[in-house]
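Engineer: Below are the sequence and a predicted model for it; my questions follow.
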Amino acid sequence: MKHFLLIGAALLCLASGYAQGQADLLITNGRILDGTGNSWFYGDVAIKEGKILKVGKLAGMKAAKTIDATGLVVAPGFIDVHTHIEGDEWQNPTANNFILNGVTTVVTGNCGASNIDIAKYLWQIDSLKPSVNVATLVGHNGVRRAVMGNANRPPTPEEQQRMEALVGAAMKGGAVGLSTGLIYIPGTYARTEEIVGLAKVAKQYGGLYASHMRYEGDSVLYAIDEALTIGREARIPVQISHFKVSGQQNWGRSRETVAKVEQARREGIEVTIDQYPYTASSTSLSTMLPSELLADGPDSIKARLQRPEVQRYVVAELLKGLKKRKLKHFSYAVVASHRADSTYNGKSIEEINLMKGRKHKAKEEARTVIDLQLAGGAGMVFHGMGEEDVQYIMKYPFNMFASDASIRIWNQGVPHPRGYGTNARVLARYVREEGVLTLEEAVRRMTSLPAQKFGLTDRGLLREGYAADVVIFSEAEVKDLSTFERPHAYSTGFRYVVVNGQVVVADEKHLGTRSGKALYGAGASKEPGPAAPSF
């Protein structure tokens, strides 16, 4: 009897706690989208000690701080599953371009590029305390480079074991999975069986396999098959990064590529995709060159490109690619950042060629590509996708949204607008204006779906006990302002952003709050482990 009386007293105290207002932060009168994809409902959200205390009709609740969300949508903070923030955290830990786009958690280490000592990296993130939460993958390119350099050959059995040891250490350190960038050096030199071996290690620690596939243009179906083969043989969940069909000659093929993913899911392969909602991609200038020229480091690349016979070969390959695209000039390729001459930023290869005083010929433009690479390379924006394909891929229900962006430094270069506008663009253009998705479905793709896929077990939903990452926005006013011509512009309409219970954005202004934290994968050691092995 005494036991039951104690339970009753505890329940009474809990109830009176709600009535007396024990919350730190109370969000009232909002249209709540809980992240499940279910219909919105009117209600309140109470937050205490960084966690969601209660969701519902909380008329008796009081708090130290209250936000009136009348007329606004209250949703879980957005999770951007494909970013590249390494190095930028220290320059701009407030991560304004993400936070002011409703993003409260980023996953970095994509496309095969990451820190190798993941335990150390995540410790540094917690020490730095950025404004966003950070999870990371371990990148195959970094792992391969640490063991083999940029060698264009298969690993020896010993080298494969060393790479697997590095992946295992990274997963113990807190990585959420393995990423590859099979279009980049040295990943492009890896055979499928090499990646399967590394993916099996990531699988042992509850990780996933995220791939920038080997091809996204003419051979895209082959590349999808390779990603699915790795998932099948390693028995690991697969995430295909920035899913697209590149090149004007491939417009309309999204029906083939999505069908291949759908069939794989029917066969039991846990495959999902992500996408940025634009018809242009962005990566390095070097991807325009034949990959066999890029082995063994910058000095070797430069030496090869200075040879006349190699230049003739590169020009021929570039012109062949241009012909496939059914274009007469390299107008689709625009420089985002060129350190050697910033006046080229924002200009196409066609325009830069004319700036150099050369003839308005594609062959001369191909030589300009070589010149830019010899001068240190460049970050590029490539206009090569069709809007119809973007929308068709967007409708696929197991597709999430991702910026594929860094933490932007204000007014630095002319980068892709996706770094500022991805989520707002989906909500404004593709939900409100085009009706491609419902609001509920778009929010699910930005919250619970990525949380589930990447093992972020206490994020992505407005649910009691979950981390208090919350975004409050105006459905009618949310909008991306960043354009290809003027990319440095923050999105509007995100009135409040809360990260781990702390208000980071109020009245669309970043307060400078840095309440983000490192998020660890399922395989993370309970005790601090040794650093990644060195070879």
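Structural biologist: Looks like it arrived, so ask away.

Engineer: Compute the number of surrounding residues for the nearest residue to K347 once chain neighbours are set aside.
Structural biologist: In space, and not counting its chain neighbours, K347 is closest to V335: 5.7 Å by Cβ to Cβ, 6 or more residues apart in numbering. No exception for glycine: its C-beta is placed from N, CA and C like everyone else's. Applying other Cβ atoms under 10 Å, we find 24 residues neighbouring V335.

Engineer: doesn't V335 fall inside a helix?
Structural biologist: No. Using DSSP: H, G, I helix; E, B strand; the rest coil, the assignment for V335 is strand, not a helix.

Engineer: Quick check: it touching P415?
Structural biologist: No. Under the criterion of Cβ atoms under 8 Å, V335 makes no contact with P415, lying 10.6 Å away.

Engineer: Name the residues contacting each of those two.
Structural biologist: 379, 381 (Cβ atoms under 8 Å, 6 or more residues apart in numbering).

Engineer: what bridges to the residue nearest to K347?
Structural biologist: M380 (DSSP bridges).

Engineer: For it, give its distance to K48.
Structural biologist: V335 sits at a distance of 49 Å from K48 (criterion: Cβ to Cβ, to the nearest Å).

Engineer: next one: V499
Structural biologist: Applying Cβ to Cβ to V499 and K48 gives a distance of 15 Å.

Engineer: With neighbour numbers in mind, choose between the two.
Structural biologist: A count of neighbours by other Cβ under 10 Å puts V499 above the other of V499 and K48, at 28 against 18.

Engineer: how close does V167 sit to S482?
Structural biologist: Counting by Cβ to Cβ - V167 and S482 are separated by 36 Å.

Engineer: So H416 is in contact with P277, correct?
Structural biologist: No. Using Cβ under 8 Å, H416 is not in contact with P277; the gap is 11.7 Å.

Engineer: who has more neighbours, those two?
Structural biologist: Using other Cβ under 10 Å as the criterion, H416 and P277 rank with H416 on top: 28 against 23.

Engineer: Could you find the closest non-adjacent residue to the more buried one?
Structural biologist: Spatial nearest neighbour of H416, chain neighbours left out: S282 (3.9 Å); criterion: Cβ to Cβ, 6+ apart.

Engineer: can you pull up the bridge partners for the one you found?
Structural biologist: V381.

Engineer: show me what contacts it?
Structural biologist: Per Cβ under 8 Å, 6+ apart, neighbours of S282: 336, 379-382, 404, 415-416, 418.

Engineer: Quick one: mean pLDDT for stretch 40-58?
Structural biologist: Stretch 40-58 comes out with an average pLDDT of 97.

Engineer: what's the offset of that stretch from the middle of its chain?
Structural biologist: Stretch 40-58 has its C-alpha centroid displaced from the chain centroid by 28 Å (Cα atoms, centre = their mean, to the nearest Å).

Engineer: Report the buried residues of that stretch.
Structural biologist: 40, 43-48, 50-55, 58 (16 or more other Cβ atoms under 10 Å).

Engineer: quick one: low-confidence ranges for the chain?
Structural biologist: 1-21, 296-297, 526-535 (pLDDT under 70).

Engineer: In it, where's the longest strand?
Structural biologist: Across the chain, the longest stretch assigned as strand under DSSP state E is strand 23-32.

Engineer: N152: what's it in contact with?
Structural biologist: Neighbour list for N152: 186, 189, 292, 295-296 [criterion: Cβ under 8 Å, 6+ apart].

Engineer: For my notes, confirm A64 occurs in a helix.
Structural biologist: No. Secondary structure of A64 (three-state DSSP): strand, not part of a helix.

Engineer: Was I right to think it contacts L25?
Structural biologist: Yes. Counting by Cβ under 8 Å, A64 touches L25, with 7.2 Å between them.

Engineer: more crowded one of those two?
Structural biologist: Set A64 next to L25 and count neighbours by other Cβ under 10 Å: L25 wins out with 22 against 11.

Engineer: Could you identify the most distant pair in the buried residues of stretch 40-58?
Structural biologist: Largest separation among those by Cβ to Cβ: W40 and G50, giving 24.5 Å.

Engineer: Contacts only, for R445.
Structural biologist: Applying Cβ under 8 Å, 6+ apart, the residues near R445 are 399-401, 437.

Engineer: Apply 7 Å and report the result again.
Structural biologist: 399-401 (Cβ atoms under 7 Å, 6 or more residues apart in numbering).

Engineer: Of the residues you listed, which is the most crowded?
Structural biologist: That'd be F401 among these, by other Cβ under 10 Å, with 28 neighbours.

Engineer: Could you pull up the residues touching that one?
Structural biologist: Shown in contact with F401 (Cβ under 7 Å, 6+ apart): 274-275, 277, 422-423, 426, 445-446.

Engineer: Tell me which of these fall in helices.
Structural biologist: Within the contacts of F401, residues falling in helices by DSSP state H are 422-423, 445-446.

Engineer: I'd like the residues you listed as JSON lines, with distance to R255 appended.
Structural biologist: Converted to JSON lines, the ones in helices among the contacts of F401 look like this (distance: Cβ to Cβ, whole Å):
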{"residue": "T422", "distance to R255": "24"}
{"residue": "N423", "distance to R255": "26"}
{"residue": "R445", "distance to R255": "20"}
{"residue": "M446", "distance to R255": "25"}
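
Engineer: Among those, which pair sits farthest apart?
Structural biologist: The widest separation within the ones in helices among the contacts of F401, taken as Cβ to Cβ, falls between T422 and R445 and amounts to 11.5 Å.

Engineer: Include distance to R325 when you put the contacts of F401 into a markdown table, please.
Structural biologist: Listed next are these as a markdown table, based on distance: Cβ to Cβ, whole Å:
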| residue | distance to R325 |
| --- | --- |
| D274 | 25 |
| Q275 | 21 |
| P277 | 22 |
| T422 | 25 |
| N423 | 30 |
| V426 | 27 |
| R445 | 30 |
| M446 | 32 |
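
Engineer: Which one of the residues you listed sits in the busiest neighbourhood?
Structural biologist: Tallying neighbours with other Cβ under 10 Å puts T422 at the head of those, with 32 neighbours.

Engineer: any idea how far that residue is from H510?
Structural biologist: 18 Å.

Engineer: mind exporting the helix or strand containing N353 as CSV, just the C-alpha atoms?
Structural biologist: Assigning secondary structure by DSSP states H and E places N353 in helix 349-355. Extracted C-alpha coordinates of helix 349-355, given in CSV (Å, rounded to 0.1, in the frame of the first residue of the first chain):
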residue,chain,number,x,y,z
ILE,A,349,34.4,29.2,-69.0
GLU,A,350,33.0,30.7,-72.2
GLU,A,351,33.1,34.2,-70.7
ILE,A,352,36.6,33.7,-69.2
ASN,A,353,37.9,32.5,-72.5
LEU,A,354,36.8,35.8,-74.1
MET,A,355,38.2,37.8,-71.2
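
Engineer: Which elements pack onto it?
Structural biologist: helix 362-374 (3 or more Cβ pairs under 7 Å, 6 or more residues apart in numbering; DSSP states H and E).

Engineer: could you give the angle of the helix it packs on to strand 333-337?
Structural biologist: Counting by axes from the mean of the first three to the mean of the last three Cα atoms, to 10 degrees, helix 362-374 lies at 20 degrees to strand 333-337.

Engineer: gap between helix 362-374 and the chain center?
Structural biologist: 31 Å.

Engineer: tell me which residues of that helix are tucked away?
Structural biologist: Along helix 362-374, these residues count as buried under the neighbour rule (16+ other Cβ under 10 Å): 362, 364-370, 372-373.

Engineer: Just the CA trace of it, in CSV.
Structural biologist: Taking Å, rounded to 0.1, in the frame of the first residue of the first chain, the C-alpha atoms of helix 362-374 are listed here in CSV:
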residue,chain,number,x,y,z
ALA,A,362,35.0,25.6,-77.9
LYS,A,363,38.5,24.4,-78.6
GLU,A,364,39.9,27.6,-77.1
GLU,A,365,37.6,27.3,-74.1
ALA,A,366,38.9,23.8,-73.5
ARG,A,367,42.4,25.2,-73.3
THR,A,368,41.1,27.8,-70.8
VAL,A,369,40.0,24.9,-68.6
ILE,A,370,43.5,23.5,-68.7
ASP,A,371,44.9,27.0,-67.8
LEU,A,372,42.6,27.3,-64.8
GLN,A,373,43.7,23.9,-63.6
LEU,A,374,47.3,24.7,-64.0
